[in-house]
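Enquirer: coords please:
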Amino acid sequence: MGTLLYYCRQTTEACKGIRYASKSHPYKYGTSGCIYTSGCGVCASLMVLRNFGVVPATMNTKKWAAECVKMGARAAEGTNMAKIAEHFKKFYGIAAKQTKSTETLKKHLRNGGRAIICVTGRGKRLFSNSGHYIYVGGIDKSGNLIILDPYWYDGKFTLTARRKAYTKVKNDREVYVQPSALAADIGSIWLFTAPKGVKPLCSVNDVNHKKPKPVAPVVSLGQHILTAVRGVYKGCGADTGRKKVSDLSEDGQKHATTAKKSAFAFLKKGTIVSLLEVKKAKSGNLWAKIPSGWICIWEKSDNTLFVK
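Expert: Residues are numbered from 1 along each chain as shown. Alright, predicted model coming up:
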């Protein structure tokens, strides 16, 4: 299952043409004063907004870059995150504070917050050899930070022995790393808290991710095909007891997994069955009455349907 996080990457062809110039870096397509070369702060902060769900999908990299310039966040050598934090509070109700503590960061993430880390290019250099902003979209049950790196390119996290050893990429884009491995490279950490009532998007591996509760499908009566071997029971639910092959209808016995009359009855995968009644058991599983008895046709625990 893939990530649920919105990802903004600066290393796209389109970003070469998005202006983000400063006096030190005038705009030149793809090589200076553009998001491709200087927009990690823009991309990381846009991920905060989009993953908090406080801006529409129409707020894209180009529009947000223009907003950053307008608010005065474009610095000589990058992005002034303090200016963006002020803007977040004023216009979106997003609270922000700074820390250098990875313990504070971990607690913040477990409480549903998000963060932007400015790495310095020191330490293990897992993300950059110089100053660079990365977005922290959560934390997994093993305490790994779930990071989206704006400056992504193929092979980046296998480029050095340290990156191979200390990072792991999942879902094509999420980079997992222990805070202790990143600590020596951290210049600053910005912690962001969503406004009340806002539920941030989460990676499926985040400790705060909640799987949606399975909803029993609507299954019509009539003929269906079994997609797996199914046991035949006396009633609606496993607690009613299994039937034996000898208890099945003549047609049911032809499609049983064994011809032994005294064996418990199982119908083969691919058997055509006629559903006479569909009912939900106490367990939440969906059961169906067929001429030979009752079979479970949907299991709630893994949201699996056994007829088509």
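
Enquirer: model confidence for residue 192, exactly?
Expert: Note on residue 192: pLDDT of 98.

Enquirer: the one 3 residues further on too?
Expert: Listed pLDDT for residue 195 reads 96.

Enquirer: which element is it on?
Expert: Assessed by DSSP states H and E, residue 195 sits outside every helix and strand.

Enquirer: who are the contact partners of it?
Expert: By C-beta atoms under 8 Å, 6 or more residues apart in numbering, the residues touching residue 195 are 52, 54, 92, 93, 94. From N, CA and C alone the C-beta is placed, and that goes for glycine too.

Enquirer: point out where the stretch 1-150 of the chain drops to low pLDDT.
Expert: Applying pLDDT under 70 to the stretch 1-150 of the chain picks out residues 1-3.

Enquirer: quick revisit: out of the contacts of residue 195, which is nearest to residue 280?
Expert: residue 52 (37.2 Å; C-beta to C-beta).

Enquirer: neighbours of residue 129, how many?
Expert: Residue 129 has 10 neighbours, counted by other C-beta atoms under 10 Å.

Enquirer: now render the contacts of residue 195 as TSV, adding neighbour count, secondary structure and distance to residue 140.
Expert: Formatted as TSV, those follow (neighbours: other C-beta atoms under 10 Å; DSSP: H, G, I helix; E, B strand; the rest coil; distance: C-beta to C-beta, whole Å):
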residue	neighbour count	secondary structure	distance to residue 140
52	23	helix	20
54	18	coil	24
92	16	helix	27
93	15	coil	28
94	21	coil	23
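
Enquirer: now, which of those residues sits nearest residue 277?
Expert: For these, the nearest to residue 277 is residue 52 (47.0 Å; C-beta to C-beta).

Enquirer: which residues touch the closest one?
Expert: So residue 52 contacts 92, 94, 114, 192, 194, 195, 198, 200, 201 (C-beta under 8 Å, 6+ apart).

Enquirer: just the helices from this protein, written as ranges.
Expert: 35-38, 40-52, 61-70, 81-92, 102-110, 161-166, 179-182, 250-254 (DSSP state H).

Enquirer: contacts for the last one?
Expert: With contacts defined as C-beta under 8 Å, 6+ apart, helix 250-254 is touched by 232, 245, 246, 259, 265, 267, 290, 291, 292, 293.

Enquirer: please name the bridge partners of the closest residue to residue 206 other than its chain neighbours.
Expert: Among residues not flanking residue 206 along the chain, residue 138 sits closest, at 3.5 Å (C-beta to C-beta, 6 or more residues apart in numbering). On the basis of DSSP bridges, residue 138 is bridged to residue 146.
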